[in-house]
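Q: sequence plus predicted model, see below.
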Amino acid sequence: KAGVTQTPRYLIKTRGQQVTLSCSPISGHRSVSWYQQTPGQGLQFLFEYFSETQRNKGNFPGRFSGRQFSNSRSEMNVSTLELGDSALYLCASSQGQWLGYNEQFFGPGTRLTVL
Amino acid sequence: KNEVEQSPQNLTAQEGEFITINCSYSVGISALHWLQQHPGGGIVSLFMLSSGKKKHGRLIATINIQEKHSSLHITASHPRDSAVYICAVRFPLTPSNTGNQFYFGTGTSLTVIP
């Protein structure tokens, strides 16, 4: 089985722009979660999706949004980019319904740099 | 308040040493995960546990629910074990916590010297 894929792998944007990141889960996995990793804050939970429904959202401003499609692929969007949004964005998929109750399989991440 | 603490932050060991990384959490949890992150960013899930002990090769993970504490042990450490080890916990949904329930520790950076 192919692993979790994320596109693009690297992205450079300027402040004020918006960005869309994509995540394709392992075939058969219906749960997708997103995380932000920065040197200062470490790993932080962003969103959790199951069957096109957002189950949970982390403590991030409304500029961060996401969605999941019927084929379980997921996208996240960040609008009005700020310098502090520079980070590694990771997604993970799992078989179960609820984040944390099943093994998670992580993608390679998208490295976003905001200038 | 949901909190996760890991120790030590950094660890250097000689090849062959027995290594222990600790994770403590503030309130009762639903599940705890140990993750491994190599330079370059890729994260691999090592264990998920809610009670007892699990073993995979040279890695052993234990959890003490009463003491709200988990440990990751590496026996006969090897330079390829050099990575950042992160614990993550799922706190149960409560009326006062309807948002995020998934929290990460700050990570333990392990370097194993040949």
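A: Perfect, thanks for sending it.
Q: ok and the residue in chain B nearest chain A?
A: Closest residue of chain B to chain A, CB to the nearest CB: residue B:90 (2.8 Å). C-beta here means a position set from N, CA and C on the backbone, and glycine is covered the same way.
Q: interface residues of chain B facing chain A?
A: B:30-31, B:33, B:35, B:41-45, B:48, B:86, B:88-90, B:99-107 (CB under 8 Å from any CB of the partner chain).
Q: name the residue closest to the centre of the chain, please.
A: The chain I'm using is chain A. residue A:34 (3.1 Å; CA atoms, centre = their mean).
Q: actually, chain B is the one I wanted.
A: In chain B, the residue lying closest to the centroid (CA atoms, centre = their mean) is residue B:87, at 3.2 Å.
Q: how close does the residue nearest to it when sequence neighbours are not counted get to residue B:92?
A: Nearest residue to residue B:87 in three dimensions, chain neighbours excluded: residue B:23, at 3.6 Å (CB to CB, 6 or more residues apart in numbering or on different chains). In this view, residue B:23 and residue B:92 are 17 Å apart by CB to CB, to the nearest Å.
Q: okay, these two: which has more neighbours?
A: residue B:23 (25 against 13; other CB atoms under 10 Å in any protein chain shown).
Q: tell me the phi and psi of that one?
A: Taking degrees, to the nearest 10, you get phi -140, psi 130 for the backbone angles of residue B:23.
Q: for chain B, which spans come out with low pLDDT?
A: Scanning chain B for pLDDT under 70 picks out B:1-2, B:93-100.
Q: let me see the ranges of the strands in it.
A: Taking DSSP state E, the strands of chain B run over residues B:4-7, B:10-14, B:19-25, B:31-37, B:43-49, B:52-56, B:59-64, B:69-74, B:83-90, B:102-104, B:108-113.
Q: any chance of those in TSV, plus distance to residue A:26?
A: TSV is the format used below for the strands of chain B (distance: least, CB to CB, whole Å):
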stretch	distance to residue A:26
strand B:4-7	26
strand B:10-14	32
strand B:19-25	26
strand B:31-37	17
strand B:43-49	12
strand B:52-56	20
strand B:59-64	23
strand B:69-74	25
strand B:83-90	19
strand B:102-104	19
strand B:108-113	27
